[in-house]
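# 3D model of this:
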Amino acid sequence: MEYTITPIANDDGEAIIDIFNYYVENSFAAYPESKLPYQAFDMFLQMSGGFPAGSIKDQNGRVVGFGMLRAHNPMAAFAQTAEVTYFIHKDYTGKGLGKILLDFLEKGAAEKGIKTILANISSLNPGSINFHRKNGFVECGRFKKVGKKRGRNFDTVWMQKML
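Residues are numbered from 1 along each chain as shown. You can find the predicted model right below:
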């Protein structure tokens, strides 16, 4: 199957929130306790404003994943650092789309002068930790038991990749 990455557009909003909400309800990959309303898409757009952000679409134009970079810290001293977020539709995981999306975001980051990408991952999401390790990220910090979702405490694992 063929996939394309396009800049995130308003028309992608509902599909993006649906993908995100799957992970809200079924995993520790997304931190909210309950599903986000479709209006939350505006928040995603604001967070990624001025940074690379893309929707990955199948050959029929269906959004099957999305990813974005956002400021790690709004102070100018941190302009070379961004945080990454991406989610792939549950039916499309394991097909290399996360790697395609990460490559797209890294290319956009380099063009923007970003030198460091950070990922904030739940310790209860070993698949994401392994994905990031395989793609050149190293663990650079861990905050113990700072999160709690569905009655389970978790650490936030910070991973870093120098571009």
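
# Can you classify the residue nearest the centre of the chain by secondary structure?
The residue lying closest to the centre of the chain (Cα atoms, centre = their mean) is T85, at 1.5 Å. Secondary structure, DSSP: H, G, I helix; E, B strand; the rest coil: T85 is strand.

# so how far is I117 from it?
In this structure, T85 and I117 are separated by 11 Å, where distance is defined by Cβ to Cβ, to the nearest Å. C-beta here means a position set from N, CA and C on the backbone, and glycine is covered the same way.

# Spit out the residues that contact these two alike.
With contacts defined as Cβ atoms under 8 Å, 6 or more residues apart in numbering, the residues shared by T85 and I117 are L69.

# quick one on the thing from earlier: nearest residue to the residue nearest to the centre of the chain other than its sequence neighbours?
In space, T85 comes closest to M68 once its chain neighbours are excluded; the distance is 5.6 Å by Cβ to Cβ, 6 or more residues apart in numbering.

# And stretch 79-89, how far out from the chain middle?
Averaged C-alpha coordinates place stretch 79-89 at 5 Å from its chain's average position (Cα atoms, centre = their mean, to the nearest Å).

# what does that stretch rub up against?
For stretch 79-89, with Cβ under 8 Å, 6+ apart as the criterion, the contacting residues are 19-20, 22-23, 29-30, 51, 56, 63-73, 97-98, 101-102, 105, 109, 113-120.

# If we use 6 Å, what do you get?
19-20, 23, 51, 64-65, 67-70, 72, 97-98, 101, 109, 114-119 (Cβ atoms under 6 Å, 6 or more residues apart in numbering).

# Sounds good, over and out.
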